[in-house]
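Q: dropping a prediction and its sequence here:
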Amino acid sequence: MPTVDKERPILVTGASGYIASWIVRFLLEEGHEVHATVRDKTRPEKVAHLTEIASRESGTLRLFEADLLKPGSFAEAMEGCALVLHTASPFQLDAKDPQRSLIDPALEGTRNVLKSAKSTPSVQRVVLTSSVAAIYGDAIELKDAPGQVFTEEQWNESSSLKHQPYSYSKTVAEREAWKIAGTQSQWDLVTINPSFVMGPALSQRTDGTSTSFMQSMANGQFKAGAPDLYFGVVDVREVARAHLLAGLLPEAEGRHIVSASEHPVLEMGEMLREAFGDRYPFPKKLLPNFLLYLFGPFQGFSWKFLGRNLGYPLRFNNRKSRAKLGLQYRPVSETLQEHLQQLEKDGLLKS
């Protein structure tokens with residue numbers, strides 16, 4: 001149980017991302033020196049929100065360029081850091097070339113960051129952003145889970161390059177991380193395994209799956225009916241806070257499911273209607289399953305995915321994150337409503 005030197009810089013990879021931006025904000029608020037990697041620090045739409053946060057907080061921010069697929073590209077940013085928070089990994093559910101756009105960046109990126117950690121003497125701990133997608137592949141698997149609940153003990157063994165490739169990318173990346181961690185004794189590895197991350201973003205980017213989902217809810221994509229699919233949902237601010245706790249609490253160890261509660265899409269629409277009324281065409285009924293089987297393949301839903309997820313509930317055990325990290329979860333209704341308020345404020349919804 002190493003005590004991480006809080007006076008040393010903390011590295012955040014993929015710092016312009018949805019979760020990482022909140023991590024950077026919290027670290028700067030607490031006065032830390034943050035080394036933040038981005039692919040291109042000259043693009044204001046990617047880094048302006050980070051530099052703006054740094055300008056008003058007590059911590060200091062240094063931006064570095066790094067490429068997940070380029071060996072050694074994280075070495076400069078990692079120099080002198082005691083804690084590495086590796087969040088950089090693509091999140092796409094409809095990738096056209098999953099090997100190139102999902103598997104390679106997730107797997108090779110993890111290898112590159114952890115190999116740099118092995119050759120950087122100052123590193124004491126690495127926290128990896130994994131996912132509940134590395135714990136299960138399809139909701140149908142809950143039937144065979146001990147106690148009908150998913151825990152940190154389980155691993156996704158059903159996803160592949162052709163079926164649930166995003167889930168497969170998170171699984172192979174986390175397994176590789178534990179494998180590399182086991183080859184050395186200088187630093188320890190802790191993973192954060194969030195469910196579907198929602199909540200207000202700090203940037204106005206719209207290329208993320210969470211923002212796309214919320215725009216779909218508000219813009220009428222589910223007006224004809226919501227698919228009978230369930231999600232574990234968690235606030236982005238809780239996920240970010242979990243990274244700080246996992247990194248700085250000496251006793252933190254192992255994997256951590258970070259998920260507030262589980263909800264079907266229709267119930268999520270009802271939560272939004274409570275706050276926004278009929279201002280937006282939120283779903284009011286379930287979409288008949290036969291229509292999903294008919295049109296789903298044209299929207300990226302394979303028959304195999306539908307057969308293994310449609311109508312099957314989810315249940316995650318978040319006890320470890322609460323007991324060991326001290327994490328507290330806000331209601332999902334608050335998360336969703338504040339996410340939509342942010343999209344409204346930033347003008348990212350159709351009028």
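A: All right, it came through fine.
Q: residues contacting residue 257?
A: Listed by CB atoms under 8 Å, 6 or more residues apart in numbering, the contact set of residue 257 reads 132, 135, 150-152, 193, 195, 316-318, 320-321. Placement of C-beta: from N, CA and C, glycine included.
Q: what stretches of the chain score poorly on pLDDT?
A: Scanning the chain for pLDDT under 70 picks out the ranges 1, 90-95, 351.
Q: centroid-wise, who is the farthest residue in it?
A: Distance to the chain centre peaks in the chain at residue 290, reaching 31.2 Å (criterion: CA atoms, centre = their mean).
Q: can you give me the helices in the stretch 101-250 of the chain?
A: 104-118, 165-181, 209-219, 236-248 (DSSP state H, counting those that start in this stretch).
Q: other SSEs contacting the shortest one?
A: Same thing as helix 209-219. strand 196-198, helix 265-276, helix 332-345 (3 or more CB pairs under 8 Å, 6 or more residues apart in numbering; DSSP states H and E).
Q: identify the residues contacting it?
A: Contact partners of helix 209-219, identified using CB under 8 Å, 6+ apart, comprise 18, 91-93, 196-199, 201, 205-206, 222, 236, 268-269, 272, 280-283, 336, 339-340, 343, 348-350.
Q: ok, the residue lying closest to residue 225 once chain neighbours are set aside - contacts?
A: In this structure, residue 225 finds its nearest non-sequential neighbour in residue 287, 3.1 Å apart by CB to CB, 6 or more residues apart in numbering. The contact partners of residue 287, by CB under 8 Å, 6+ apart, come to 222, 224-228.
Q: with residue 105 instead?
A: Contacts for residue 105 (CB under 8 Å, 6+ apart) come out as 68-69, 88-90, 169.
Q: now swap in residue 282 and tell me
A: Neighbouring residues of residue 282 by CB under 8 Å, 6+ apart: 217-218, 222, 269-270, 272-273, 276.
Q: what's the distance between residue 200 and residue 66?
A: Going from residue 200 to residue 66 by CB to CB, to the nearest Å gives 26 Å.
Q: please identify which of those two sits among more neighbours.
A: Relative neighbour count places residue 66 above the other of residue 200 and residue 66, with 26 against 20, counting by other CB atoms under 10 Å.
Q: now that one, nearest residue through space, not along the chain?
A: Nearest non-adjacent residue to residue 66 (CB to CB, 6+ apart): residue 37, at 3.9 Å.
Q: figure out how far whatever helix or strand the one you found lives in is from the centre of its chain.
A: Assigned by DSSP states H and E, residue 37 belongs to strand 33-38. From the chain centre to the centre of strand 33-38 is a distance of 18 Å (CA atoms, centre = their mean, to the nearest Å).
Q: same check on stretch 271-280?
A: Going by CA atoms, centre = their mean, where stretch 271-280 is centred and where its chain is centred differ by 26 Å.
Q: so for it, what gets flagged as buried?
A: Buried residues in stretch 271-280, counted by 16 or more other CB atoms under 10 Å: 271-273, 280.
Q: can I get these in TSV including distance to residue 144?
A: Output for those, formatted as TSV (distance: CB to CB, whole Å):
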residue	distance to residue 144
271	30
272	33
273	35
280	38
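Q: which one among those residues gets closest to residue 256?
A: Taking CB to CB as the measure, residue 256 lies nearest residue 271 of those, at 25.2 Å.
Q: wait, that closest one touches residue 339, no?
A: No - counting by CB atoms under 8 Å, residue 339 is not a contact partner of residue 271; they are 10.7 Å apart.
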